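Student: I'll drop the sequence and a predicted model, then ask my questions.
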Amino acid sequence: MKGLKKISDKTQNTKSNDRSTWVALYYSYTTDTVYDKPGDGRHKITDLINPNTPQDIQETVEYFNRL
């Protein structure tokens, strides 16, 4: 999965009580990449409201893919 480190870095300053710091998580099935902005072929997974590691983000995407 691509883009995990970039999104992880963006989540390091998030505060769960401050919505303006939350990072949106989008995923593209065709490119197997995570993004923080919407785009063609990207599906919103969730908002990340706490600091996350690349592994945390990958597990989140895999969890939502199993639903």
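Tutor: Looks like it came in fine.
Student: backbone phi and psi for residue 11, please?
Tutor: For residue 11, the backbone dihedrals (degrees, to the nearest 10) come out as phi -80, psi -10.
Student: just give me the neighbour total for it.
Tutor: Residue 11: 20 surrounding residues under other C-beta atoms under 10 Å. Heads up, the C-betas are built off the backbone N, CA and C, glycines and all.
Student: list the contacts for it?
Tutor: Residues in contact with residue 11 (C-beta atoms under 8 Å, 6 or more residues apart in numbering) are 23, 48, 50, 51, 52, 57.
Student: out of the residues you listed, who has the most neighbours?
Tutor: In these, the most neighbours by other C-beta under 10 Å go to residue 57, 24 neighbours.
Student: so what secondary structure elements neighbour whatever helix or strand that one lives in?
Tutor: Element membership for residue 57 (DSSP states H and E) is helix 54-66. Secondary-structure packing of helix 54-66 (3 or more C-beta pairs under 8 Å, 6 or more residues apart in numbering; DSSP states H and E): helix 4-11, strand 23-28, strand 42-48.
Student: average model confidence for the first one?
Tutor: The predicted model assigns helix 4-11 a mean pLDDT of 98.
Student: rewinding a little: buried set for the helix holding residue 57?
Tutor: Under the neighbour-count criterion of 16 or more other C-beta atoms under 10 Å, helix 54-66 has 54, 56, 57, 58, 60, 61 buried.
Student: possible to save those as TSV with distance to residue 43 and pLDDT?
Tutor: TSV is the format used below for the buried residues of helix 54-66 (distance: C-beta to C-beta, whole Å; pLDDT from 0 to 100):
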residue	distance to residue 43	pLDDT
54	19	98
56	19	97
57	15	98
58	16	98
60	13	97
61	10	98
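Student: ok, back up a step: pick the most deeply packed of the helices and strands packed on helix 54-66.
Tutor: strand 23-28 (a mean of 20; mean count of other C-beta atoms under 10 Å).
Student: from the chain's centroid, how far away is that strand?
Tutor: Computed by C-alpha atoms, centre = their mean, to the nearest Å, the chain-centroid distance of strand 23-28 equals 4 Å.
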